[in-house]
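> I would like to see how this sequence folds:
(2 chains, ligands or ions: 1)
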Amino acid sequence: MSSRDRILAQIRQNKPEAVPLPAVTTFKSDFADTEEKFRETLAAIYTEVIAVKNLEELTQKAEELYKGVVNRATTIPALSAWADFSLNVSDPHELETVEIAIVQAEFGVAENGAVWISDRYLPHRVLPFITQNLAIVIPRNALVDNMHEAYARLQDTLGWGCFIAGPSKTADIEQSLVIGAHGARSMVIFLLEDD
Amino acid sequence: MSKTVMEHAEASEVFNRDEPYVNWHDETLWFVRQKRDKSSRQLPEWEQLREAASGIKHYVLSHLDELLISFEQKAKENGVQVHWAANAAEHNEIVLGLLKKHRIDKMVKSKSMLTEECHMNEFLHKNGIEVIDTDLGERIVQLRNEPPSHIVLPAIHLKKKDIGDLFHEHLGTEAGATDPQYLTEAARQHLRDKFLTRRAALTGVNFAVAETGGFVVSTNEGNADMGAHLADIHIACMGFEKIIPKQEHLGVFLRLLARSATGQPITTYSSHFKKPREGQEMHIIIVDNGRSTQLGRKDFRNSLKCIRCGACMNTCPVYRRSGGHSYHNAVAGPIGSILAPNLDMTKNADLPFASTLCGSCSNVCPVKIDIHDQLYKWRQVLAKEGHVHKSKEIGIRAMSAVLAQPRFYQWSGRLGRTVMRAMPFVVNNALNPWYKQRDMPEPPKESFRDWYVRNRKN
Ligand code: SF4
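Predicted coordinates for the structure are as follows:
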């Protein structure tokens, strides 16, 4: 017998009597102001949230914020003049010199400050991790209260997707928090007014 | 039986020699526990979430075969290759086989307690494969040639100075440097080079979803993603209990996991893998290694609900004062002490005794495992099967004799209180293991029962 069949047989023999799934596995979070909660949560994890009216204002803010930084990459067509690094590479290793990436994401979660980014928006999965600094753009009206709402929204995860909550961090040395372990050293979230 | 490892009690005695250090260890973990408390109190539905998580996991245990089959089928449809390993040796062989097939002799790995359980690094090393652990804490203990002392905080037992010295030796940082920022930066540069040059990456699995065939890996550092998205081949290893029925259930578990572990509302990265990226190979190894046996142990099967948050360790007064290594098992602390005897009763018979049975572990457990009850039950099983040290066995036998006879219990209690008051040296001496590192309490003048009888009428 293969290990697979042996394991399954042993499970069948040893598993407890069938019980049903719990009736309630989603809960509501009632925040007075979802956007306010989102900002507050992100502030606590070292991430600035900046509201911008339109793509022009986004470009302007990007210029200000990352002045003098070279190797700028983006997945947002309207920012292509701002970027000087093409994501049109075949090998993800070539992204190793990206200093700042501004990428489109789908939505944000107020309870934990996480934003959902996936294959739908990324030509390379490694981009949000390998870049030294990360900025994410989401529509201002694309915020949900908690993870239950997030999964209700996430009908399909495509091939890969990730909730990202702030810059990379570690506290492995005597529990002192250090920002910038292996992933991005800083994170900014742009809330875009019009789509 | 040749025993190279020290028993828990002995090892903790060694750990306890440096009192300021033990106090620091104790306080550091208690600090993490308090962060968990604060964070959990911010969710009014916390207790309901725990209840839901426990209920979902109960469903999982009772439908494991079906869920695993569905997961396998979906994963295959998604282009992922699925392997099954009955035990640690088979798991290690599968990993080695995959690497050999691709002629790869260097791999990056993100944190996986399962590979620790299987002693995979050692095995691969013997077969000429270099494995670099990429979680900072794991890398630190790897450079020191020791196992992690905690499942979430692998280097929690080390001070800045230890790490500074270690990095000076291995990574060329300045002698005497202890600044965490500086040391982390050195590790970042060192590991970035590994990420960029390794063609294989291994990760653990936090949750596998039967409905979609996908799996979730949570990290704060981003090391799992850095490894997996750059490598040609991604190997994910999971104990079969990591399965959950539906994607929406991740809502429950991701809300509980990081809050219970470190007090964060969620880990920085919760990466959902479903299909390999173009040109990449993705493999999943589903591992049993004693789990199906534990499933058959009615009293202990709930331990398979564990989501490895580490909360039970952070709160455990014994863990905090004896350190993870004293448990001589990949998973330390209260939950490790339940899992270990399942794997080897002889070697791990001491572990269920490494607890005060205060119940704090069960109180914090996000999936409501009856941890302290299971520890208590293991003691009975181990004693019955003859795995318990004679001195403990005599104690247990005497205790059950006393507890079985109420009159005898009252009499012996009274005798004990009198003896302790009149001749404290009888208990405050080195022959009494309870006296080590602590003074025996002042005995009460009367028992609760006597007090109750006296006061009942008023
Ligand atoms: S037993 Fe419970 S508290 Fe302990 S690590 Fe597992 S899930 Fe966390």
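> which residue packs closest to B:N92, ignoring adjacent ones?
B:F123 (4.4 Å; Cβ to Cβ, 6 or more residues apart in numbering or on different chains). All C-beta atoms are positioned from the backbone trio N, CA, C, and that covers glycine.
> so that neighbour, which state does it fall into?
With DSSP: H, G, I helix; E, B strand; the rest coil as the basis, B:F123 sits in helix.
> against the ligand, how distant is it?
Counting by Cβ to the nearest ligand atom, to the nearest Å, the separation of B:F123 from the ligand is 25 Å.
> wait, that residue touches B:E90, no?
No - using Cβ atoms under 8 Å, B:F123 is not in contact with B:E90, being 11.4 Å away.
> what is the neighbour count of the residue nearest to B:E77 when sequence neighbours are not counted?
Leaving aside its sequence neighbours, B:E77 sits nearest to B:G213 (Cβ to Cβ, 6+ apart; 6.6 Å). Counted by other Cβ atoms under 10 Å in any protein chain shown, the residues lying close to B:G213 total 23.
> so who does B:G213 touch?
Contact analysis of B:G213 by Cβ atoms under 8 Å, 6 or more residues apart in numbering or on different chains lists B:71-78, B:80, B:274.
> how about 10 Å then?
Taking Cβ atoms under 10 Å, 6 or more residues apart in numbering or on different chains as the criterion, B:G213 is in contact with B:70-80, B:82, B:273-275, B:284.
> could you do B:I286 as well?
By Cβ under 10 Å, 6+ apart, the neighbours of B:I286 are A:3-4, A:7, B:68, B:71-72, B:75, B:82-85, B:91, B:205, B:208, B:236-240, B:242-243.
> just checking, what packs against the host helix or strand of B:V95?
Using DSSP states H and E, B:V95 maps to helix B:88-101. In terms of contacts (3 or more Cβ pairs under 10 Å, 6 or more residues apart in numbering or on different chains; DSSP states H and E), helix B:88-101 is packed against helix A:3-14, strand B:81-85, strand B:106-109, helix B:113-117, helix B:120-126, strand B:200-203, strand B:233-239, strand B:281-287.
> picking up where we left off before, which one of the contacts of B:G213 is nearest A:I45?
Comparing those against A:I45 with Cβ to Cβ places B:F273 closest, at 23.4 Å.
> didn't that closest one look like it was pressed against B:N78?
Yes - the pair B:F273 / B:N78 is scored as a contact, 9.3 Å apart, by Cβ atoms under 10 Å.
> next one: stretch B:191-201, is it in contact with chain A?
Yes - remark: stretch B:191-201 sits within contact range of chain A at B:191-192, B:195-197, by Cβ under 10 Å from any Cβ of the partner chain.
> scan these and report the most crowded one.
Busiest of the residues of stretch B:191-201 next to chain A [other Cβ under 10 Å] is B:F195, holding 26 neighbours.
> who in the stretch 351-458 of chain B is up against the ligand?
When proximity is defined as Cβ under 6 Å from any ligand atom, the stretch 351-458 of chain B approaches the ligand at B:364-367, B:369, B:371.
> now the two most distant members of the residues you listed.
Using Cβ to Cβ, the pair of those lying farthest apart is B:P366 and B:I371, separated by 11.7 Å.
> tell me, what's touching these two both at once?
Shared contacts of B:P366 and B:I371, counting by Cβ under 10 Å, 6+ apart, come down to B:306, B:312.
> how about the strands in the chain?
I went with chain A, as the question did not name one. Assigned strands in chain A, in chain order: A:47-52, A:72-74, A:100-104, A:107-109, A:115-118, A:133-139, A:143-144, A:160-164, A:169-170, A:178-179, A:186-192 (criterion: DSSP state E).
> switch to chain B, that's the one I care about
Under DSSP E, chain B gives strands at B:81-85, B:106-109, B:130-133, B:200-203, B:207-209, B:215-219, B:233-239, B:243-244, B:269-273, B:281-287.
> would CSV of these with mean pLDDT be doable?
Formatted as CSV, those follow (pLDDT from 0 to 100):
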stretch, mean pLDDT
strand B:81-85, 98
strand B:106-109, 98
strand B:130-133, 98
strand B:200-203, 98
strand B:207-209, 98
strand B:215-219, 98
strand B:233-239, 98
strand B:243-244, 98
strand B:269-273, 98
strand B:281-287, 98
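> any chance of a markdown table for those, columns distance to the ligand?
Formatted as a markdown table, those follow (distance: least, Cβ to the nearest ligand atom, whole Å):
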| stretch | distance to the ligand |
| --- | --- |
| strand B:81-85 | 22 |
| strand B:106-109 | 21 |
| strand B:130-133 | 20 |
| strand B:200-203 | 19 |
| strand B:207-209 | 12 |
| strand B:215-219 | 13 |
| strand B:233-239 | 12 |
| strand B:243-244 | 14 |
| strand B:269-273 | 17 |
| strand B:281-287 | 17 |
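> just to revisit the earlier point, more neighbours: B:F273 and B:N78, which one.
Taking neighbours as other Cβ under 10 Å, B:F273 and B:N78 compare with B:F273 leading, 31 against 16.
> now do the more buried one against B:T28, distance only.
33 Å (Cβ to Cβ, to the nearest Å).
> ok, now B:Q405?
B:Q405 is 45 Å from B:T28, by Cβ to Cβ.
> likewise B:Y319?
Relative to B:T28, and taking Cβ to Cβ, B:Y319 is found at 12 Å.
> same question for B:E72.
41 Å.
> those two: who's more crowded?
It is B:E72, of B:E72 and B:T28, that has more neighbours when counted by other Cβ under 10 Å, with 21 against 18.
> quick one: the more buried one and B:I284 touch, right?
Yes - between B:E72 and B:I284 a contact is recorded at 8.4 Å, counting by Cβ under 10 Å.
> overlap of the contact sets of the two?
With Cβ under 10 Å, 6+ apart, B:E72 and B:I284 have common neighbours B:80, B:82-84, B:208, B:213.
> which one (most neighbours) among the residues you listed?
For the shared contacts of B:E72 and B:I284, the largest number of neighbours (other Cβ under 10 Å) sits with B:A208, at 26 neighbours.
> I'd assumed B:A75 was in contact with it.
Yes - with contacts counted by Cβ under 10 Å, B:A208 reaches B:A75, the gap being 8.4 Å.
> which residues do these two both contact?
B:214-215, B:236, B:273, B:284, B:286.
> hang on, the earlier thing: can you tell me which of the contacts of B:G213 is nearest the ligand?
B:F71 (20.8 Å; Cβ to the nearest ligand atom).
> quick one on the thing from earlier: can I get the residues of stretch B:191-201 next to chain A in a markdown table with pLDDT and distance to A:Y66?
Output for the residues of stretch B:191-201 next to chain A, formatted as a markdown table (pLDDT from 0 to 100; distance: Cβ to Cβ, whole Å):
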| residue | pLDDT | distance to A:Y66 |
| --- | --- | --- |
| B:L191 | 96 | 25 |
| B:R192 | 96 | 21 |
| B:F195 | 96 | 24 |
| B:L196 | 95 | 24 |
| B:T197 | 95 | 29 |
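> OK, contacts around residue 55?
All of this refers to chain A. Contacts of A:L55 by Cβ under 10 Å, 6+ apart are A:76-79, A:137, A:192-195.
> my question was about chain B
So B:G55 contacts A:19-25, B:252, B:367-368 (Cβ under 10 Å, 6+ apart).
> B:H150 too?
B:29, B:32, B:137, B:141, B:156-157, B:310, B:313-314, B:319, B:323-325, B:331-333.
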